[in-house]
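Asker: below is the structure, and that's it, no one-letter string:
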């Protein structure tokens, strides 16, 4: 019995990975994210080699606003700092913000959602009304207001972004829990004497992991975007922290002077991360639930399906 | 809706209350004499206890009095009414643009599934949701306003000024609507009644537009309504970049100046507008879907 259960459990993850691996778009996204992690990890090694050593915060007004080329592959900003070096170090900040925000908001959101869904009644009502209230406030304005209230800084930015992300997890988990708690295996576990905590943690939550994981992937993209927006407005991370949104904020002042490289590259970095995470999210959704396939089927498989259909049509 | 709005007031007021920085100090600078600042604070009611301030505000709102701006001393309602139409217009134009691009692309990509069109449209859709709208706006300013000198870089006075901001915030909505249209069409296209329609020899265009699209449009309507709400509050950055005198940019400015009354009044108005949009979407369902219409007869 035990052995059967274990092999089945392992095979689901393997199955999902097998399907995920066949999706070229999703794999490309995974590749981009891994590449960015490498860039972030090696930022200290790469960055000095590119700009004027050491690191990303060396100001040199002689080199201010250089266009790409000549030792600076992405050019320099208004203080003569190498934009490539700042993007590489900015990857650290953004990926870290994305990860921590997702971890915390997912934990809180999943807890709230499963409590609301499992117990129902007045607890459910209170939690869901609170979430309705948070959702009624435009997310970006709410984040800006929270960031302004807490003051600038990395931790405060994460709180401002994270609070906004909680409702979506709570809603998804609640909807899932409402379905699953009525099923027989939950009843069976309850009759065997499992308490509420064990029921939720061991029996219900594992069955709603798929939408949570997909939401977390997309949520990380969202978190990075909102954090960049906060820095852009000036309530997020403050200079001289190399943050992509803050770099765009600097670039904005020189936009009309035609210094396109200051705008192009930091924004490209933001777009690339979000793009890659969305690709992974789409791929995961398809891999978890083959019925909902929305990605492209490989040409070979499509031909096979087409032929089968044609053959069946010819037969009948 | 009323409990939600009350909750919005409480959350926003609490946030404002804990925000450091005195509005009077920010307005008059550190050089202003302390007695004067204290007198102003008394006048604005800033020295009262939290619950008293909150209660006074709620009672005011019930009487449709949203207070006065700390900075201009004019009624919040007038200040907001002067800017809200711009935001509303921008959001409306963007949603229309998004529907005009998103629905046809979604239909093409669903009816030609697994072809190069589908792949291209899916890729563009994914790209559209990934590009930050403020960056897209900046790139457009650099290209169309600075390099080509075709369009004005800022302002919102003539139709020529509307083009770039509308595209900048409409792009992501178009992508979301395209993705929704596509998946919704794909679901409907496999239904039995579509096969029936084809089997009885209906023209393909009739099958797609009359049988398929009408059924697929319901989730698309929901998403379009949601997007409209998102754009009302999310136009902040676009308004800032294009220097559009809209509500979002005004609220952000008010946060910087600690103009509490504008912050809370503006957010409240967006929340109200959002719930009216949702109501409008519910009514729209009845027009699109005869099944829903018949339920209420």
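Answerer: Perfect, I can see it now. Just so you know, these numbers come straight off a predicted model, no measurement behind them.
Asker: residue boundaries of the helices in chain A?
Answerer: In chain A, the segments counted as helices under DSSP state H are A:2-21, A:24-41, A:43-50, A:83-119, A:121-136, A:139-150, A:154-180, A:184-191, A:196-198, A:209-233, A:244-253, A:260-288, A:299-315.
Asker: mean pLDDT and distance to residue B:99 added to those helices, as TSV?
Answerer: All C-beta spots, glycine's among them, are computed from the backbone N, C-alpha and C. Formatted as TSV, the entries for those read as follows, by pLDDT from 0 to 100; distance: least, CB to CB, whole Å:
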stretch	mean pLDDT	distance to residue B:99
helix A:2-21	69	33
helix A:24-41	90	26
helix A:43-50	64	43
helix A:83-119	91	31
helix A:121-136	89	23
helix A:139-150	87	22
helix A:154-180	90	24
helix A:184-191	89	43
helix A:196-198	88	46
helix A:209-233	91	23
helix A:244-253	87	29
helix A:260-288	89	22
helix A:299-315	65	30
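Asker: nearest to residue B:259, of those?
Answerer: Between residue B:259 and those, the tightest spacing by CB to CB is seen for helix A:139-150, at 11.8 Å.
Asker: that closest one vs helix A:154-180, what angle?
Answerer: For helix A:139-150 against helix A:154-180, the angle between stretch directions is 130 degrees (axes from the mean of the first three to the mean of the last three CA atoms, to 10 degrees).
Asker: pull the residues that contact helix A:139-150.
Answerer: Contacting residues not belonging to helix A:139-150 are listed as A:134, A:156-157, A:159-161, A:163-164, A:226, A:229-230, A:233, A:235-236, B:12, B:15-16, B:18-20, B:230, B:233-234, B:236-237, B:248, B:251-252, B:255-256, B:263, B:267, B:270 [CB atoms under 8 Å, 6 or more residues apart in numbering or on different chains].
Asker: ok, of those, which come out buried?
Answerer: Of all the contacts of helix A:139-150 considered here, the ones buried according to neighbour count by 16 or more other CB atoms under 10 Å in any protein chain shown are A:134, A:156-157, A:159-161, A:163-164, A:226, A:229-230, A:233, A:235-236, B:12, B:15-16, B:19, B:230, B:233-234, B:236-237, B:248, B:251-252, B:255, B:263, B:267, B:270.
Asker: from residue A:165, how far off is the closest residue to chain B within the stretch 1-150 of chain A?
Answerer: Residue nearest to chain B within the stretch 1-150 of chain A: residue A:138 (2.2 Å; CB to the nearest CB). Noted for residue A:138: a distance of 14 Å to residue A:165, by CB to CB, to the nearest Å.
Asker: rewinding a little: identify the residues contacting the residue of the stretch 1-150 of chain A closest to chain B.
Answerer: Taking CB under 8 Å, 6+ apart as the test, what residue A:138 contacts is B:229, B:230, B:232, B:233, B:234, B:267, B:270, B:271, B:274.
Asker: just residue B:61 next, same as before
Answerer: Taking CB under 8 Å, 6+ apart as the definition, contacts of residue B:61 comprise B:9, B:268.
Asker: same thing but at 7 Å, please
Answerer: If you count contacts by CB atoms under 7 Å, 6 or more residues apart in numbering or on different chains, residue B:61 has them with residue B:9.
Asker: please, which helix or strand holds it?
Answerer: In this assignment (DSSP states H and E), residue B:61 forms part of helix B:50-62.
Asker: how far does the helix or strand just after that helix sit from the chain's center?
Answerer: For helix B:50-62, the following helix or strand on the C-terminal side (DSSP H and E) is helix B:76-111. For helix B:76-111, the separation from the chain centroid amounts to 8 Å (computed by CA atoms, centre = their mean, to the nearest Å).
Asker: quick check, helix B:76-111 touching chain A?
Answerer: No: applying CB under 7 Å from any CB of the partner chain, one finds helix B:76-111 separated from chain A by no less than 10.1 Å.
Asker: give the other helices and strands that that helix contacts.
Answerer: Using 3 or more CB pairs under 7 Å, 6 or more residues apart in numbering or on different chains; DSSP states H and E as the contact definition, the elements that helix B:76-111 packs against are helix B:116-130, helix B:159-189, helix B:214-234, helix B:247-257, helix B:260-288.
Asker: report the angle between it and helix B:50-62.
Answerer: 80 degrees.
Asker: what parts of the stretch 201-316 of chain A come near chain B?
Answerer: If contact is defined as CB under 7 Å from any CB, the residues of the stretch 201-316 of chain A in contact with chain B are A:225, A:228-229, A:232-233, A:248, A:252, A:255-256, A:258, A:260, A:263-264, A:267, A:270-271, A:274-275, A:278-279, A:294, A:296-297, A:302.
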